[in-house]
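In: The following comprises the amino acid sequence and a computationally predicted model.
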Amino acid sequence: MECAIAGAMLVLTASVWLQFFTAAAAQRRASRWRETAYLEAANALERVALRPWESLTPEKTADVRLSDDAARMLPEGKLTIEIAPVPGTPEAKRLAATVHWEPQPGFPQKVRLVAWRHRRP
């Protein structure tokens, strides 16, 4: 009887630990995806911001893509760059990089970074 109770407690404890480690692994994976997405968005913004002023158009930045490593790591990963003029003086443009991914069908995720670029005199 005591052995049966001890065995049941062992099985219960093992199942709780298994659930804990499974949840922890899922959190680590989600954290890696988010970190990768932020790094990709930051790198994309940097690459776009370094272009000449005349090249800061949606058409001319359409070639900016996720790196090969990020494309493999992020499920359904996609990078979009938005460029919009900012009214006022000095002349400026708003640059936004958004990385989308979908770890599970129906649960899309995204990160978005924004920067401003001013025309040099």
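Out: Yep, it's here. These figures come from a predicted structure and were not determined experimentally. Residues are numbered from 1 along each chain as shown.

In: quick one, strands of the chain?
Out: 78-86, 92-104, 107-118 (DSSP state E).

In: Need the ones you listed in a markdown table (columns: mean neighbour count).
Out: Where C-beta positions appear, they are placed from N, C-alpha and C, glycine not excepted. Below are the strands of the chain laid out as a markdown table (neighbours: other Cβ atoms under 10 Å):
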| stretch | mean neighbour count |
| --- | --- |
| strand 78-86 | 15 |
| strand 92-104 | 18 |
| strand 107-118 | 14 |
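
In: Quick check: which of the ones you listed is nearest to residue 24?
Out: strand 92-104 (16.0 Å; Cβ to Cβ).

In: got the angle between the closest one and strand 78-86?
Out: Per axes from the mean of the first three to the mean of the last three Cα atoms, to 10 degrees, the angle that strand 92-104 makes with strand 78-86 is 160 degrees.

In: List the neighbouring strands of strand 92-104 plus their orientation.
Out: The pairing partners recorded for strand 92-104 under DSSP bridges are strand 78-86 (antiparallel), strand 107-118 (antiparallel).

In: if we can go back for a sec, I'd like the strands of the chain as a markdown table, with distance to residue 55 and mean pLDDT appended.
Out: Formatted as a markdown table, the strands of the chain follow (distance: least, Cβ to Cβ, whole Å; pLDDT from 0 to 100):
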| stretch | distance to residue 55 | mean pLDDT |
| --- | --- | --- |
| strand 78-86 | 10 | 94 |
| strand 92-104 | 11 | 94 |
| strand 107-118 | 11 | 95 |
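
In: before we move on, back to that, please name whichever of the strands paired with strand 92-104 is nearest to residue 5.
Out: strand 107-118 (40.9 Å).

In: Any chance you could give me that closest one in CSV, C-alpha atoms only?
Out: This file holds the C-alpha atoms of strand 107-118, laid out as CSV (Å, rounded to 0.1, in the frame of the first residue of the first chain):
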residue,chain,number,x,y,z
PHE,A,107,-1.4,33.2,-33.6
PRO,A,108,0.7,35.7,-35.5
GLN,A,109,3.4,37.7,-33.8
LYS,A,110,5.3,40.8,-34.8
VAL,A,111,7.8,43.4,-33.7
ARG,A,112,8.1,46.9,-35.1
LEU,A,113,10.9,49.4,-34.9
VAL,A,114,10.7,53.0,-36.1
ALA,A,115,13.4,55.5,-37.0
TRP,A,116,13.5,59.0,-38.6
ARG,A,117,15.9,60.1,-41.2
HIS,A,118,16.4,63.8,-42.0
